[in-house]
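S.K.: Here is my input, please return the structure:
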Amino acid sequence: MAGRIEDYALIGDMQTAALVCRDGTVDWLCLPRFDSHAIFAGLLGTEEHGFWRLGPAHAADAPPPTAARRTYRGDSLILESEWDTPRGTVRVTDFMPPRDGAPQLIRIVEGVTGRVPMRSALRMRFSYGRVVPWVHKHEGRTVAVAGPDSVWFDTEAETYGKSLTTYADFTVAPGDRIAFTISWEPSHKEPPALPEPEQSLVATEEFWREWVEHCTYHGPYREAVIRSLITLKALTYAPTGGIVAAPTTSLPEDIGGVRNWDYRYTWLRDAAITLSSLLRTGYREEARAWREWLLRAVAGDPENLQIMYGLAGERELGEAELDWLPGYENSAPVRVGNGAAHQLQLDVYGEVTEALHLAHMTGLARHDYASLLQLKLIRYLEDHWDEPDEGIWEVRGPRRHFVHSKVMAWVAVDRTIKLIESGDADGPLERWRELRDDIHRDVCENGYDKERNTFTQSYGSKELDASLLLIPQMGFLPPDDKRVIGTIEAIQRELSTPDGFILRYPTTGEHEGVDGLPGDEGAFLACSFWMADDLAMIGRVDEARKLFEKLLSLRNDLGLLAEEWDPRRKRQVGNFPQAFSHVPLIDTALRLTASGAYGG
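M.R.: Next up is the predicted model:
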């Protein structure tokens with residue numbers, strides 16, 4: 001059985017990522033890209049679907065021991081786990097070196113005290129656990145081959161095969177260092193170069209040290225901000241600049257339920273807000289790379305803008321179910337691909353335009369086609385802003401006039417007007433000023449409930465929606481507007497959990513709700529950070545700080561957050577780690593630091 005979601009650590013190389021459990025088991029790894037088939041899919045099934053455990057030897061009928069301590073080495077993505085056993089202490093260092101060639105996962109075992117018996121158990125299963133590869137020796141190296149894939153296993157330890165698993169049993173004493181590496185290569189090519197684990201470790205540590213040095217934030221929440229920035233960098237696909245929402249698929253929002261989605265793609269919304277956080281903390285190169293990715297992905301077809309694309313801008317992300325996997329804690333179905341790719345979500349135009357605007361304002365060199373794209377997006381919105389859509393939460397029910405979508409359409413027009421006013425683009429300024437006013441008036445007349453003094457989820461509805469918290473943050477209305485304050489207080493009353501965290505919108509248990517799905521979900525962490533932001537903006541800074549620090553306490557021991565928090569089970573749920581959780585953490589830390597609203 002897989003560990004709790006928060007029991008996992010992230011390691012990665014900016015092209016793919018692995019999840020390592022507290023007991024030293026790698027239960028998730030897709031090679032060679034984030035969106036490739038998994039070779040370890042135990043996270044969504046059983047050990048029969050692939051895993052790699054490395055830790056102290058234990059009795060066959062006993063669970064593997066969990067590490068007594070684990071941490072990232074400094075400000076890096078190098079994981080160090082330590083076990084204290086009756087025979088001594090041992091350390092395992094796990095990392096994936098940033099690469100130009102074959103992807104590698106390297107694990108170095110180091111004796112600390114005593115003499116500790118160790119075991120490596122490697123069970124590779126290709127195609128999400130469905131395919132057993134042919135494992136054999138080739139010039140002294142172990143290789144697993146199936147179809148287009150080959151994975152090479154290198155170690156100085158003696159290995160043997162048993163029950164379709166490759167084992168190594170060995171003992172480490174103080175000062176001993178034994179490395180294990182797997183490398184992926186297309187099966188029709190020559191074997192990958194022999195790994196150099198110690199040199200790769202030095203280079204990986206140096207990479208992260210140099211990258212973190214560019215961070216311009218030095219406030220009281222620096223530890224949390226730096227770990228979130230490293231996580232966002234790890235979710236960036238280096239060859240193209242695309243940014244995945246999370247490195248996993250089908251980790252449930254409702255354990256045992258059907259709210260299981262594939263997040264290994266680039267949502268324009270998630271990538272745009274990630275970009276904004278990177279820009280505000282000093283990372284312009286990532287912004288430039290993402291802008292280039294965006295221009296390639298959208299190309300000359302902004303009228304058919306998708307809400308998400310593949311890592312290289314692929315448009316077809318057809319959704320399928322893997323019926324041979326039982327799902328995380330029996331949360332089925334397990335899905336790959338995402339059928340929401342072709343939904344209409346008008347808010348995306350606002351998020352993309354806001355990201356381009358922020359890049360322009362922070363000094364990123366002008367790009368003529370980026371400005372042209374922005375103008376094309378507004379021309380599309382002119383004719384479509386007043387249509388119903390699926391909204392920010394990708395509801396699979398009927399389209400509605402979602403208030404947040406209209407607000408973000410207003411943002412798109414407003415930021416483009418500012419671009420024209422700055423002299424960096426030409427467009428029908430007066431006509432678009434009128435359009436901006438029309439959208440604003442429409443939202444305030446049709447999306448606001450005067451009796452309750454709150455904006456609502458959609459025109460004519462009574463439901464609330466946490467995305468309304470972005471109204472003041474986007475500048476649609478000032479924070480001291482009574483309608484803004486009323487909306488914040490209504491969301492606190494109606495969408496808060498007993499712990500004070502925020503739900504996205506009402507769900508209805510076993511019955512189909514506004515999102516077209518049965519079941520409930522946890523508190524959405526991004527929305528909870530948005531609430532802390534809003535509270536700070538309306539002057540309730542102590543309350544904002546307390547909520548923010550309460551949210552920080554939900555992170556696992558390594559500073560990582562999934563998408564949601566289950567208030568009943570008191571555990572993280574949803575895909576992990578989640579960019580959409582770490583971005584607002586950074587934003588709220590910046591706001592609270594600027595306001596001086598922090599303890600200590």
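
S.K.: In contact with residue 4, which residues?
M.R.: 571-572 (Cβ atoms under 8 Å, 6 or more residues apart in numbering). Every residue, glycine included, has its C-beta placed from N, CA and C.

S.K.: now residue 372
M.R.: Residues in contact with residue 372 (Cβ under 8 Å, 6+ apart): none are found.

S.K.: And the strand or helix carrying it, what's buried?
M.R.: Per DSSP states H and E, residue 372 falls inside helix 368-384. Buried residues in helix 368-384, defined by neighbour count with 16 or more other Cβ atoms under 10 Å: 370-371, 373-381.

S.K.: again, but for stretch 267-285
M.R.: Neighbour-count burial for stretch 267-285, counted by 16+ other Cβ under 10 Å, picks out 267-279, 281, 283.

S.K.: now swap in stretch 80-90 and tell me
M.R.: Those would be 80-81, 83-85, 88-90, for stretch 80-90 by 16+ other Cβ under 10 Å.

S.K.: With stretch 391-407 instead?
M.R.: Across stretch 391-407, burial judged by 16+ other Cβ under 10 Å covers 391-395, 400-407.

S.K.: With just CA atoms, put it into CSV.
M.R.: Taking C-alpha atoms only, stretch 391-407 is exported to CSV below (Å, rounded to 0.1, in the frame of the first residue of the first chain):
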residue,chain,number,x,y,z
GLY,A,391,-15.1,28.4,-15.6
ILE,A,392,-11.9,28.3,-13.6
TRP,A,393,-12.7,24.9,-11.9
GLU,A,394,-13.4,23.0,-15.2
VAL,A,395,-16.9,22.0,-14.2
ARG,A,396,-18.3,19.2,-16.2
GLY,A,397,-21.8,20.4,-15.8
PRO,A,398,-23.6,22.9,-18.1
ARG,A,399,-21.9,26.2,-19.0
ARG,A,400,-22.7,29.2,-16.9
HIS,A,401,-21.9,32.9,-16.8
PHE,A,402,-19.2,32.6,-14.1
VAL,A,403,-18.4,35.8,-12.4
HIS,A,404,-14.7,35.0,-12.1
SER,A,405,-14.5,34.4,-15.9
LYS,A,406,-16.1,37.9,-16.5
VAL,A,407,-13.7,39.5,-14.1
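
S.K.: average pLDDT across it?
M.R.: Mean pLDDT, stretch 391-407: 90.

S.K.: How far away from the center of its chain is it?
M.R.: Put simply, stretch 391-407 sits 22 Å off its chain's centre (Cα atoms, centre = their mean, to the nearest Å).

S.K.: CA atoms only: put stretch 31-46 into PDB for me.
M.R.: Extracted in PDB, the C-alpha atoms of stretch 31-46 (Å, rounded to 0.1, in the frame of the first residue of the first chain):
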ATOM      1  CA  LEU A  31      10.400   8.400 -18.000                       C
ATOM      2  CA  PRO A  32      11.700  10.300 -19.900                       C
ATOM      3  CA  ARG A  33       9.100  13.200 -19.400                       C
ATOM      4  CA  PHE A  34       6.600  14.200 -16.800                       C
ATOM      5  CA  ASP A  35       3.800  12.900 -19.100                       C
ATOM      6  CA  SER A  36       5.400   9.700 -20.200                       C
ATOM      7  CA  HIS A  37       4.300   6.300 -19.000                       C
ATOM      8  CA  ALA A  38       5.300   5.400 -15.500                       C
ATOM      9  CA  ILE A  39       7.900   2.700 -14.800                       C
ATOM     10  CA  PHE A  40       7.000   2.900 -11.100                       C
ATOM     11  CA  ALA A  41       3.200   3.100 -10.600                       C
ATOM     12  CA  GLY A  42       2.900   1.600  -7.200                       C
ATOM     13  CA  LEU A  43       1.500   4.900  -6.000                       C
ATOM     14  CA  LEU A  44      -1.700   4.200  -7.900                       C
ATOM     15  CA  GLY A  45      -1.700   0.400  -7.400                       C
ATOM     16  CA  THR A  46       0.400  -2.100  -5.600                       C
END
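
S.K.: ends of stretch 418-429, how far apart?
M.R.: Start-to-end span of stretch 418-429 (Cα to Cα, to the nearest Å) is 10 Å.

S.K.: residues of it that come out buried?
M.R.: Those buried within stretch 418-429 under the rule 16+ other Cβ under 10 Å are 419-420, 425.

S.K.: now do stretch 65-85
M.R.: 65-67, 70, 72-73, 75-81, 83-85.

S.K.: now swap in stretch 139-152 and tell me
M.R.: Going by neighbour count (16+ other Cβ under 10 Å), the buried part of stretch 139-152 is 142-146, 149-152.
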